[in-house]
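> Please find the sequence and the predicted model below.
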Amino acid sequence: MLISALFAGAIIGLVLGLVGGGGSILAVPLLVYLVGVKSPHAAIGTAAIAVALNALAGLAGHARAHNVKWGCALVFAAAGMIGAALGAAAGKAMDGQRLLALFGMLMVVVGAVMARGRKGVGEPGVHLDRASAAHLLPRLIPIGFGVGLLAGFFGIGGGFLIVPGLMLATAMPLRSAIGTSLVAVTALGATTALSYALSGYVEWGLAAELIAGGMAGSVAGIALGKRLAERRRAMELGFAGVVVLVGIYVTARGLL
């Protein structure tokens, strides 16, 4: 299990380094079908820890680059944590195989969204203060809660939902949305992990192995990503296709 866990973590880290996101969506199927974790709930709880720590590591760099809109991030994350707690409780109550089938369907949707790509147009100066609160809070809170609900239910970081959610709520540009989203991904992942851990659904040794493999894979992915920067869109499309195919497989296995 050690070798397969390190390998799974390396795949996740490699994807994160190459395309800058989306690797966490592969964590649960890798743990179930490659590493051999018997319980889908244990796979979700264990993956959530890796998701939170990966996001926290990425957040430091974006914070130094001033890509984080802290006011928006904290409100979005706070609302999302409430949703994540409720979503995790619902996910734990569901039959594991049915949960996997729904997870596979989500992967198909995620792959389709990734294939469409994201645009970077926005308002760089947007921020949360007394003047903008009346406009931004009614958008940030419900969107954050909804994203948190899904993230907690499926045990994913939710970055593919958080980024467009932040852009929809605030009109911030893509670069700021990516940096800001990592605050929420960290918070939602930690909330989900805590909920599953309290129910005994976290394999701590496996989580450490997954994180160790992810660190090595991320270093390799970043280095390779720089060399293939001009082919970034092709890599994103290729990864989107992989996510869709894996999602179809997971759905079929969960329904059988």
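Great, that's in hand.
> only C-alpha atoms for contact and neighbour calcs from this point on.
OK.
> For stretch 94-101, list the C-alpha coordinates in PDB.
Provided in PDB are the C-alpha atoms of stretch 94-101 (Å, rounded to 0.1, in the frame of the first residue of the first chain):
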ATOM      1  CA  MET A  94     -25.100   7.900   2.300                       C
ATOM      2  CA  ASP A  95     -24.300   4.400   1.100                       C
ATOM      3  CA  GLY A  96     -20.700   4.300   0.000                       C
ATOM      4  CA  GLN A  97     -21.200   2.900  -3.500                       C
ATOM      5  CA  ARG A  98     -24.000   5.300  -4.200                       C
ATOM      6  CA  LEU A  99     -21.800   8.100  -3.100                       C
ATOM      7  CA  LEU A 100     -19.100   6.900  -5.500                       C
ATOM      8  CA  ALA A 101     -21.500   6.900  -8.300                       C
END
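> Give me the contacts around that stretch.
39, 40, 41, 91, 154, 250, 251, 252, 253, 254, 255 (Cα atoms under 8 Å, 6 or more residues apart in numbering).
> Of those residues, grab the buried ones for PyMOL.
Those of the contacts of stretch 94-101 that count as buried under 16 or more other Cα atoms under 10 Å are selected in PyMOL with:
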select buried, resi 40+41+91+154+250+251+254
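> and the contacts of stretch 94-101, which of them are in strands?
Using DSSP state E, no member of those falls in strands.
> Break down the chain into its helices, ranges please.
With helices called from DSSP state H, the chain shows them at 2-19, 27-29, 40-64, 70-93, 96-116, 130-154, 159-170, 174-198, 204-227, 232-255.
> Can you lay out these as JSON lines showing distance to residue 124 and mean pLDDT?
Shown next, in JSON lines, are these (distance: least, Cα to Cα, whole Å; pLDDT from 0 to 100):
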{"stretch": "helix 2-19", "distance to residue 124": "23", "mean pLDDT": "80"}
{"stretch": "helix 27-29", "distance to residue 124": "33", "mean pLDDT": "88"}
{"stretch": "helix 40-64", "distance to residue 124": "15", "mean pLDDT": "85"}
{"stretch": "helix 70-93", "distance to residue 124": "13", "mean pLDDT": "95"}
{"stretch": "helix 96-116", "distance to residue 124": "23", "mean pLDDT": "86"}
{"stretch": "helix 130-154", "distance to residue 124": "14", "mean pLDDT": "92"}
{"stretch": "helix 159-170", "distance to residue 124": "10", "mean pLDDT": "83"}
{"stretch": "helix 174-198", "distance to residue 124": "8", "mean pLDDT": "89"}
{"stretch": "helix 204-227", "distance to residue 124": "26", "mean pLDDT": "83"}
{"stretch": "helix 232-255", "distance to residue 124": "24", "mean pLDDT": "84"}
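> Mind checking these for the one nearest to residue 123?
Minimum separation from residue 123 across these (Cα to Cα) falls at helix 159-170, 8.2 Å.
> what helices or strands is the closest one leaning on?
Here helix 159-170 touches helix 130-154, helix 174-198, going by 3 or more Cα pairs under 8 Å, 6 or more residues apart in numbering; DSSP states H and E.
> The first one to helix 96-116, inter-axis angle?
The one in question is helix 130-154. 130 degrees (axes from the mean of the first three to the mean of the last three Cα atoms, to 10 degrees).
> and the angle from helix 130-154 to helix 174-198?
Using the same axes, to 10 degrees, helix 130-154 lies at 50 degrees relative to helix 174-198.
> So which bits of helix 130-154 are buried?
For helix 130-154, by 16+ other Cα under 10 Å, it's 136-137, 139-154.
> picking up where we left off before, determine which two of the contacts of stretch 94-101 are furthest apart.
The widest separation within those (Cα to Cα) is 19.1 Å, between 91 and 252.
> And residue 192, how close does it get to residue 81?
8 Å (Cα to Cα, to the nearest Å).
> Which one's more surrounded, these two?
Neighbours were tallied for residue 192 and for residue 81 using other Cα atoms under 10 Å; the higher tally belongs to residue 192 (34 against 28).
> didn't the more buried one look like it was pressed against residue 45?
Yes. Using Cα atoms under 8 Å, residue 192 is in contact with residue 45, at 6.9 Å.
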